[in-house]
Every structure is written in C-alpha cells, then in structure tokens.
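Undergrad: pasting the structure only:
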C-alpha cells in the first residue's frame, strides 16, 4: 500500500521531468531491495545470527553503500571497499600491536599520533586528481578502518578477531551485492556508453539536417515574399517554428526540426568519463570482451564535441541578423543542400556501424564523396573570393 | 618519518601534474587529521569512553565520511546524514514496534517486507535527478538506518536507546567536523565559484588577445615575405609558436599566446553546478550574505561557455587552410585589431567588477564603443557583400 502510493507519486515526478518513464530505474530499486532483504537474513534467521552476531551490521552497511546503478560502479566500489578495509585493517593492527609495547598515557599519545599521520597522508592522497577519480572511496574506507582498528586496539579488545569478523561480513555483503547486480537484469555501464556514443552521432546528424532545412525554409520565405526581410534572429526562430507546424502538410522531414540535439553532446564529457571508468571494471559480457578499447569511445566523444561546437556556431551564423544578399545565398544554396543530407547520412552510418560493431563498408566511397563536396565548396568560396563560413568546411574536413 | 616520506612522494606527484603545488590541499589534509584525532578522544580518554562506549565508532565514521574539502560540502553531507538518520531511525522504530505485536515467524516476514518496501522506494527516489543532486547521501543514510533499526528491533534489543545513543554520537562527529571545517582556514565553495567565474572572463579575454595577435603575426609574415604562402593549419601553428619565442624581444604581449584559455571554460559546467550546490549551504561569511544569487553565477557561466564556443570556431577559421586573399584580409585587419584588445579589455573589466563586487562604472561607454565597432564591422562586411565570419559580431553582440 505504502509502496503503491510512493510509486504513483514517483511516476508523476519522473513523467513531468522527462516525459517518459524509465523501467530500468524501477528494476534497479527492486534489485536493491532484494539485496537488502537477503543481507537482512543475517539478523532475521537465527542460525545465521548466531554465527555473525552484531557484525551483521557491516554486511548491511556494505550493501547499502556499495550497490550502485551500474554493475561496473558496484564492482569498483566493492573492490575499493574491500582493499581499503584490508589495508586499513592490517596497518591498524600493526599500529595497535606496536603501541601495545608502550605503557600508560604514552600509549594514547602514540595512537593519536598514528591516527593523525595516516589520516593526513591518506586525505592528501585523496585529493590527487588521478587517485580521486578511481580510488577515492578506497582511501576513505582505509582511513575509517585504520582509525577504528587502531583505537579499538587501545581498548584491549581482541583486535585481530574483530577485524577478521568484520572483514568476513563485509565480504558477504559485497558478494550479495555483486550477485544481485550481475545476475538480475544487469545494468552495464559499457552498454550505456556504447549507446550514448551512437546517440551522439544521431543527435549531431539530426542537428545538421534540421539546421540546413531551417536555412532552406528561410529561402522559401525569401522567394514567397510573405515576409520580405525575414532575419532569423533568436526571437523570430520561435515563430518560424510555429509557422512550420502550420505548413507541415507536405514536407514531413522539415517539420521535425531537431536543432538542439548537439546541445546534449556539448556537455557529455564528464558523463562519458564516468561511464568509461565503470565500464573498465565490468567483466566480459555480450559483445564486450576484456580490454575493450574504452578510451577510443572517449576520443570519439571528444571529436563529436568539437563537431557540436562547429554546429553551434553554424547555428549562430544562420540565426544572425547579418544575412548575406540573395545572390550569394543562392550561390551557396546548392552545395549546402547537397552536403547537409550527405553529412547527416554519413554520421548516421558511422553511428550504426559502431552500434553493430562492424566496419563501415562504404568507407572509401564516403571519403571520395566528401572530397568532391569539399571541392564544390572550395569552388563556391573561391568564386566569391572571401573567407565565408568555414564551418561547412570544418565539418567536412573533420569527417576525413 | 612516514609522513615525510609520503609527503615527498606526494609533492613530486602533484608537481609533475600541475607544475605548482597547492598549499590548500595540505591544509585540508591536516584539518581532517585534527578532526580524526579529536573524535578518537572518545576512545582514547577514559571518562569519555565510559559515556559513549562502542558507539564512539559512529562518531569516527561520521567524521571520515562527512569531512569534505569545501565547508559547504561538509555542511550539506552532515545535514543530509543527520536528517537521514533521524527519519530512518524514527520509521525504523515505528516499524519494529508494529512488528513487535506480531509473534513467531511472521515477525521476521513482516520485517523483511518493510525492509523491501522502504528500500525499493528510497532507492527509486535516489534516482530522480533533482533529488540525486542534493539529497542522494541523505536517502542512502535513511535506507541504512531504517534497515539497521528495523532488524535490530527484531533481536529484542532496546532499539530506542540504541538509536538515541548512535544519533548522539553522530551529532558529536558532525559538530567536530563542522567546527574544524569552519574555524581552521575554512575553504569556501562560494569563494571558489566566485574566483572561477572571474577566471573564466580572464581566460576568454586572453584567448581573444592571443587569437587576434596570431592573425596579426600572420599578417606580419605576409608582409615580410619570409614565408609567402603561410597558412595557419594545425601543423604550422606549432612552429609559428616556436618562431614567436625567438622573435619575442620587442612585443611582450605577443609572446604570451594563451590561446587555450577558452578550453577550460568549455568544460566547466558540471564543476560550476557542484560548487553552486555547495555554496548554497554555506553560512554568511566575508562578502557573501545569505541568499547570494548563486544561480546568476551559473547563468554567467552559461553565457561565457557560449562565448568560448564562438572563440573555438573563430580559432578553427583562423587556423583553416582556406585563408582569404590578402586585400580582403587587409580590409578586415583594422576593425579586427581594434576589436580584439577592446573586447579583451572589456571582458577583463567585467571580470574585475565581479571580483570586487562593484558596478562596472564605464558601462554606458563600453556599450557605445562596442556599438561603434560593430558598425565598423558591418560596413566592412557590406563593402564585401558577403557573409564572412560572424564570430566577431557574435562576440560583440554577446557583450551587449
């Protein structure tokens, strides 16, 4: 009953945000709940509780903290936690054994000093960018475990037994998390990165299509003289789009102007890096083997972001109030109209070939076509003898 | 001894990365160590240990987990942890009290069900983007506390006493973290965001200066005929820079070509958002009052990123192998040379006025000048009757 209520409000929350509802999120939360119930069995079932006792707490904590959306993230966090606990525990035991030799008040001082030194050193390491990116959580757990073990040792408790039991329950929590994460509808960061890269190609392709259609429509307006001096600045584009929805009976492709696809590409860098980071931890699955070249996805992403930048300034040029005179426009109209669908089609083909992980077959053909189009552009440019809009060229030369 | 060794290796690690060494990172790690020693006193000092006992563990855990680099981040995480613990504890107590009415095996089943429902619901909420951004950690702690309290209750322990004691030690850990974070050399995310915004202005200003100087140098080359057909493509820019370092006796400003300042601006969005998120939590300090308009910093950042995109494509145009003929270049040389230092100077003035939090005094003057420069450009453009390089104009029209 409670759950229903929660879910309904969540559905509406998510739907208002993105318009659609992602079943993966529901699956993830059910997976978390299953892992939690499993790990709670240490408390709920008497024979298990007799084995681990209060230390079952650490298993629950591990599941809550380690279980992330992507399998790679769960693995990475779990291994970080495991290694951090082992190292922190070992060093903590060492410190507390050494301190045990000393008596009286000095013992507390020595423990405090060791806590200070290891705490400062590990915190310093955590700030180093390359370490922070991958091992931040491990260092945090190292500090925590070292501190707990070192000071517990002072209390004369059986540190080694304590550390071993806790480590055992942490490992159990980790195993439960990993099994739930990998066996029930696994969410792979590698799949997500793969799909996101293909989507970038599609987004840019539709931006190019949309963009050149817009300039085409502008020409239509010029010719039909309904608005003789229409200049496409930021204010008129809105009404232009409204207008398009009214005249959309004939040309279907024109009505679907997806200008803004490139914007999502522009800000995708940090998300890509996070996904690649997780993907490296993921075991062999589906079409992705070990040592899949994830850094190439990052390189492709960088190049596509550069292309998105070109498109962004192309858009600024097209929407600028400074438009060229009609004869010059017409001079460029033909090569532009030729290049836009071709570039879009090429990008889509590249995206599809990445999606299917096959070599893009008509590669030589594409390059030859692009070169001929580039030549057309160069001719058009040299006819005018001006700089003119290097973006089309930049786009073309990028794809080579 | 150990620390010295660690620090030496860290120094070298950091120095090879960035060339300089940031004392703030050392201060932060010492602050963490101080907080850790303070919180360890619960174990180290007998009277304190008699008060809290094993629960001192939770205080240590809180310090390790909550202490972040920026004061705002520490506050945000601490409050999230506090609220998550209270809510999770209350609901957990309620659940375990309700379950207590039931006897036998049903009790375990009812507890498991409640763990499942609340775990799934809270995990689902954690994925909602707006919640994830600010309250992710709070929801995680809610799940953890609810789960621990609910299952401990089943074991017939005195749940309410246990929850109260743990909450008390968590509050102590939080207080120690906050005091250390705020009283010893506080690192404010607000200062960092403020400085980062000003730096963006400076970076873009020096990119503009560097960019137009580069084209100026190109002209120099044209005139001196040392390399008659020099085209600034990606390969020759490197050797051009080398050349500049050789001829740098006369023009100091030319030698310091900081073309790439705009690149750091391009990818600053997520960092800005994180900082603004933390800055909102920070109390009144220095020149920042409550309700400081942090979202305006984000808006300014967005606009500067758009400007950086323009500069990026301007760079592509200048470095393209398709360069205009010399007479056209000369035609544009004058307005370009006029606009570059002026734009750079305007951006620096804007940056400084934000830095000092004063109204940019000669605002009307700047706008008037920009408009006259824009007019010059338009004339140069209409002389040629071409599209030509809308970026200078885009830059100019942006600043209005």
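TA: Nice, I can see it. Since we're looking at a predicted model, the values are computed, not measured. Numbers count the residues shown, from 1 in each chain, chains lettered A, B, ... in the order given.
Undergrad: all contacts plus neighbour counts: C-alpha atoms, from now on.
TA: Will do.
Undergrad: Distance of the closest residue to residue A:152 other than its chain neighbours relative to chain B?
TA: Distance criterion Cα to Cα, 6 or more residues apart in numbering or on different chains; nearest residue to residue A:152, sequence neighbours excluded, is residue A:159 at 6.8 Å. Remark: distance between residue A:159 and chain B (Cα to the nearest Cα, to the nearest Å) = 13 Å.
Undergrad: show me the contacts for residue A:159.
TA: Residue A:159 makes contact with A:93, A:149, A:152, A:153 under the criterion Cα atoms under 8 Å, 6 or more residues apart in numbering or on different chains.
Undergrad: ok, which pair from the residues you listed is furthest apart?
TA: A:93 and A:152 (9.6 Å; Cα to Cα).
Undergrad: Next up, phi/psi of residue A:285, please.
TA: When read as degrees, to the nearest 10, the backbone of residue A:285 gives phi -160, psi 150.
Undergrad: residues near it, how many?
TA: By the criterion of other Cα atoms under 10 Å in any protein chain shown, residue A:285 has 11 neighbours.
Undergrad: Pairing partners for it in the sheet, please.
TA: residue A:288 (DSSP bridges).
Undergrad: From chain B, how far out is it?
TA: 25 Å.
Undergrad: Roughly how far does that residue sit from residue A:189?
TA: For residue A:285, the distance to residue A:189 (Cα to Cα, to the nearest Å) stands at 11 Å.
Undergrad: And for residue A:367?
TA: 32 Å.
Undergrad: who has more neighbours, these two?
TA: Neighbour count, other Cα under 10 Å: between residue A:367 and residue A:189, residue A:189 has more, with 24 against 15.
Undergrad: Just to be sure, residue A:185 is in a strand?
TA: No. The assignment for residue A:185 is coil, going by DSSP: H, G, I helix; E, B strand; the rest coil, so no strand is present there.
Undergrad: what's the neighbour count on it?
TA: That count, for residue A:185 with other Cα under 10 Å as the rule, works out to 12.
Undergrad: So for it, what's the nearest residue that isn't a sequence neighbour?
TA: residue A:27 (7.7 Å).
Undergrad: repeat for residue A:199
TA: residue A:351 (7.5 Å).
Undergrad: so that neighbour makes contact with residue A:202?
TA: Yes. Counting by Cα atoms under 8 Å, residue A:351 touches residue A:202, with 6.8 Å between them.
Undergrad: picking that back up, in helices only, show me the contacts of residue A:159.
TA: A:93, A:149, A:152, A:153 (DSSP state H).
Undergrad: Please identify the helix or strand for the residue lying closest to residue A:67 once chain neighbours are set aside.
TA: Leaving aside its chain neighbours, residue A:67 sits nearest to residue A:74 (5.3 Å; criterion: Cα to Cα, 6+ apart). Here residue A:74 sits within helix A:71-101, counting by DSSP states H and E.
Undergrad: buried set for that helix?
TA: Using 16 or more other Cα atoms under 10 Å in any protein chain shown as the test for burial, helix A:71-101 gives A:71-97, A:99-100.
Undergrad: got any ranges where chain A has weak pLDDT?
TA: Applying pLDDT under 70 to chain A flags residues A:1-21, A:156-157, A:211-259, A:318-338, A:360-366, A:377-378, A:380-400.
Undergrad: The same query, at a cut-off of 50, please.
TA: For chain A, the stretches with pLDDT under 50 are A:1-11, A:13-19, A:216-217, A:219-256, A:385-400.
Undergrad: so what's residue A:140 up against?
TA: A:84, A:122, A:123, A:126, B:64, B:65.
Undergrad: re earlier: helix, strand or coil for the residue nearest to residue A:185?
TA: Applying three-state DSSP: residue A:27 is helix.
Undergrad: count of residues packed around it?
TA: Considering only other Cα under 10 Å, residue A:27 is surrounded by 18 other residues.
Undergrad: can you check the one 4 residues further on too?
TA: Per other Cα under 10 Å, the neighbour tally for residue A:31 reads 25.
Undergrad: Please name the nearest non-neighbouring residue to it.
TA: residue A:180 (6.5 Å).
Undergrad: just residue A:200 next, same as before
TA: Residue A:200 sits nearest to residue A:265 (Cα to Cα, 6+ apart), 5.9 Å away.
Undergrad: Next, count neighbours for the one you found.
TA: Residues near residue A:265, counting by other Cα under 10 Å: 24.
Undergrad: How about the contacts made by it?
TA: A:200, A:203, A:204, A:304, A:305, A:308.
Undergrad: roughly how far apart are it and chain B?
TA: From residue A:265 to chain B the distance is 12 Å (Cα to the nearest Cα).
Undergrad: Please report phi then psi for that residue.
TA: Torsion angles, degrees, to the nearest 10, at residue A:265: phi -70, psi -40.
Undergrad: Roughly how far does it sit from residue B:148?
TA: In terms of Cα to Cα, residue A:265 sits 42 Å off from residue B:148.
Undergrad: Equivalent analysis for residue A:152, please.
TA: The value you get for residue A:152 to residue B:148, if Cα to Cα is used, is 22 Å.
Undergrad: same deal with residue A:138?
TA: Taking Cα to Cα, one finds residue A:138 at 23 Å from residue B:148.
Undergrad: now residue A:369
TA: From residue A:369 to residue B:148 the distance is 65 Å (Cα to Cα).
Undergrad: What of residue A:57?
TA: 7 Å.
Undergrad: Residue A:87 reaches residue A:142, doesn't it?
TA: Yes. At 6.5 Å, residue A:87 counts as touching residue A:142 under the criterion of Cα under 8 Å.
Undergrad: Overlap in contacts, the two.
TA: Between them, residue A:87 and residue A:142 share no contacting residue, judged by Cα under 8 Å, 6+ apart.
Undergrad: give the contact list for residue A:178.
TA: Per Cα under 8 Å, 6+ apart, neighbours of residue A:178: A:71, A:74, A:75.
Undergrad: Swap in 10 Å and give it another go.
TA: A:35, A:63, A:66, A:67, A:71, A:72, A:74, A:75, A:78, A:172, A:186 (Cα atoms under 10 Å, 6 or more residues apart in numbering or on different chains).
Undergrad: try residue A:168
TA: A:52, A:55, A:56, A:58, A:59, A:162, A:174.
Undergrad: And the furthest pair within the residues you listed?
TA: Checking the contacts of residue A:168 with Cα to Cα, the most distant pair is A:162 and A:174, at 18.3 Å.
Undergrad: So between the two, which is more surrounded?
TA: Applying other Cα under 10 Å to residue A:162 and residue A:174 shows that residue A:174 carries more neighbours, namely 29 against 16.
Undergrad: Excluding residues flanking it in the chain, which one is nearest the more buried one?
TA: residue A:78 (6.0 Å).
Undergrad: so who does the one you found touch?
TA: Contacts of residue A:78 by Cα under 10 Å, 6+ apart are A:62-63, A:65-68, A:72, A:84, A:137-138, A:170-171, A:173-175, A:177-178.
Undergrad: and the gap between it and chain B?
TA: From residue A:78 to chain B the distance is 16 Å (Cα to the nearest Cα).
Undergrad: Quick check: the closest residue to residue A:79 other than its chain neighbours vs chain B, distance?
TA: Distances taken as Cα to Cα, 6+ apart put residue A:138 closest to residue A:79, at 8.0 Å, once the chain neighbours are dropped. Counting by Cα to the nearest Cα, the gap from residue A:138 to chain B is 12 Å.
Undergrad: neighbours around residue A:138, how many?
TA: 25.
Undergrad: if I read this right, it contacts residue A:82, doesn't it?
TA: Yes. Counting by Cα atoms under 10 Å, residue A:82 is a contact partner of residue A:138 at 7.8 Å.
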